[in-house]
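1. here's my sequence, what's the structure:
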Amino acid sequence: MDNIVGERCAILRDYLNKVLQHPKFRTHQATCEFFNVSCLSHIDGLSSSRKEGYLIKRSKDYYHDGYNFFRQSSFADSFIHHRDRKWFIIKDSYIVYMRPDRYEVGFPMLVDHNFQIINGLRHVGIHHGIKITNLQRTLVVKCQTAYDCEEWMQHLKNLIEQANGFCGPTVNRFNSYAPIRENQLAYWFINGKSYMEAVAKALLTAKDEVFITDWWLSPEIMMIRPTDDQTYRLDNILGRIADAGVRVYVMVFKEIKHIISLNSLHTEKTLISKNKNGFIKVIRHPSHTTTNGVLLWTHHEKMVVIDQKIAFVGGIDLCYGRWDDEYMRLVDLGDENDTTLSSPSQITEENVTTGERNIVEAAQTNMTQMTEQSDAIQAQQELKGIQGFVVEYPLYFLDEENYLPNMTSLEGENFIINDGFK
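-> Next up is the predicted model:
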């Protein structure tokens with residue numbers, strides 16, 4: 001009897017291996033459903049799946065926001081149908097659902113300190129149902145049988161036990177879903193120059209996906225300066241990695257048009273146009289309307305995440321006006337080889353045009369000629385008649401040098417204006 005069972009197992013094993021070796025059968029939806037695998041099952045950098053399979057999702061989920069405040073649970077739930085068949089995946093620290101035929105991933109539910117699961121007709125309101133809750137939303141799913149419901153519940157309980165630090169009675173600082181991680185590798189960026197250069201170089205190493213969120217994002221900003229190479233422009237960098245197959249997801253603040261001009265629509269159109277395969281996605285959020293309860297609220301997160309391995313977090317948007325270095329220049333134009341710095345007085349002197357120099361020199365020459373042709377005693381009498389602070393200027397130089405104040409001095413200017421020579 002044991003030999004017969006072993007032979008049949010070997011036959012089934014060989015058959016399944018042949019199915020998996022066939023290119024069309026290997027990726028067929030029925031094959032994936034039989035083995036409980038999907039496109040998210042085996043990805044480098046992601047954890048292995050705890051459990052996968054089809055569940056019927058409630059057609060309307062409730063997010064923990066203003067909308068949930070106005071709903072009446074018992075009345076509203078009676079009109080909700082469970083008809084959305086989705087492929088659910090339990091990972092190491094989150095749950096996600098998707099449509100395998102379109103590879104559309106739904107909203108992931110993170111395991112946080114408010115993560116809870118309950119089942120049963122009394123608590124959920126449906127047979128073979130499971131209610132999953134975290135800080136962000138409440139999700140209700142329906143299993144086909146009671147056995148399936150118990151199996152999913154057991155995997156969810158194991159998820160809570162294994163997600164050490166993410167859930168528990170202790171609330172994390174700032175009500176965060178994640179605990180504090182000590183002894184982590186980090187680098188401080190003091191100014192925009194080093195930050196943007198590091199971001200640009202890290203973006204060019206991306207292999208799978210990039211997440212960017214900013215209050216303001218300028219597609220045309222140069223990430224590495226000084227250079228005339230447009231390769232290091234932000235939109236060109238994102239377009240280059242998207243052409244290589246990297247998925248780029250960008251979320252920017254959708255401004256109130258008549259109050260602040262961030263032009264997020266230009267950002268969206270410019271970035272999307274950089275890749276024809278649709279590998280660059282842009283979300284402008286939120287829509288400021290009174291109907292959805294969002295008013296006078298902005299996104300102020302500045303973050304770049306690359307392949308879920310490198311994260312840039314801080315207060316520098318990838319936009320105009322953020323690039324700077326230790327010299328704090330007012331502009332970044334000019335010769336890149338010119339590293340000399342000048343004081344404001346030196347800059348003013350260097351900027352005097354040739355015509356202005358000629359005027360000053362001509363005035364000084366004319367003034368010298370007039371003093372040489374004038375009598376010193378008469379000049380003293382003329383100066384005494386002038387009203388203003390020039391009268392306070394010492395007059396002894398007239399007796400010694402027969403010279404008047406320099407035209408470029410304040411006293412000399414007042415002298416010329418008051419017509420010291422008749």
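2. what's the domain layout of this structure?
-> 1-35, 48-175, 192-314, 354-417 (automatic domain parsing).
3. checking F25 next. Helix, strand or coil?
-> Each residue gets one of three states, and F25 gets helix by DSSP: H, G, I helix; E, B strand; the rest coil.
4. tell me, how many residues neighbour Y94?
-> Taking other C-beta atoms under 10 Å as the neighbour definition, Y94 ends up with a count of 19. No exception for glycine: its C-beta is placed from N, CA and C like everyone else's.
5. quick one: contacts for it?
-> Contact analysis of Y94 by C-beta atoms under 8 Å, 6 or more residues apart in numbering lists 108-111.
6. and it, bridged to which residues?
-> According to DSSP bridges, the partner residues bridging Y94 are L110.
7. in CSV, list the domains of the chain along with distance to A186.
-> Compiled in CSV, the domains of the chain are given as follows (distance: least, C-beta to C-beta, whole Å):
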stretch, distance to A186
domain 1-35, 40
domain 48-175, 17
domain 192-314, 9
domain 354-417, 54
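8. H42 is nearest to which of those?
-> Between H42 and the domains of the chain, the shortest separation by C-beta to C-beta is 7.7 Å, and it involves domain 48-175.
9. returning to that earlier point: turn the domains of the chain into CSV, columns for mean pLDDT and distance to S41.
-> CSV is the format used below for those (pLDDT from 0 to 100; distance: least, C-beta to C-beta, whole Å):
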stretch, mean pLDDT, distance to S41
domain 1-35, 87, 9
domain 48-175, 80, 5
domain 192-314, 91, 15
domain 354-417, 47, 76
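10. picking that back up, ok, the contacts of Y94 vs G239, which is closest?
-> Sorting those by how near they are to G239, with C-beta to C-beta, puts P108 at the top with 27.0 Å.
11. and that closest one, how many residues sit next to it?
-> P108, neighbours per other C-beta under 10 Å, totals 14.
12. next: K254.
-> As a burial measure, the neighbour count of K254 was computed by other C-beta under 10 Å and equals 19.
13. repeat for R247
-> R247, neighbours per other C-beta under 10 Å, totals 17.
14. hmm, who's touching stretch 239-247?
-> The set of residues external to stretch 239-247 that reach it, using C-beta under 8 Å, 6+ apart, is 203-204, 206-210, 231, 248, 274-275, 277, 279-281.
15. make it 6 Å
-> Stretch 239-247 is contacted by residues 206, 209, 248, 274-275, 279-280 when judged by C-beta atoms under 6 Å, 6 or more residues apart in numbering.
16. and Y54, which of the three is it?
-> Secondary structure of Y54, reduced to three states by three-state DSSP: strand.
17. list the residues that contact it.
-> With C-beta under 6 Å, 6+ apart as the criterion, the residues that contact Y54 are 85, 87.
18. and the strands in the protein, which stretches?
-> 51-58, 62-63, 82-90, 94-99, 104-105, 109-110, 116-119, 129-133, 137-142, 209-214, 247-253, 280-285, 302-306, 310-314 (DSSP state E).
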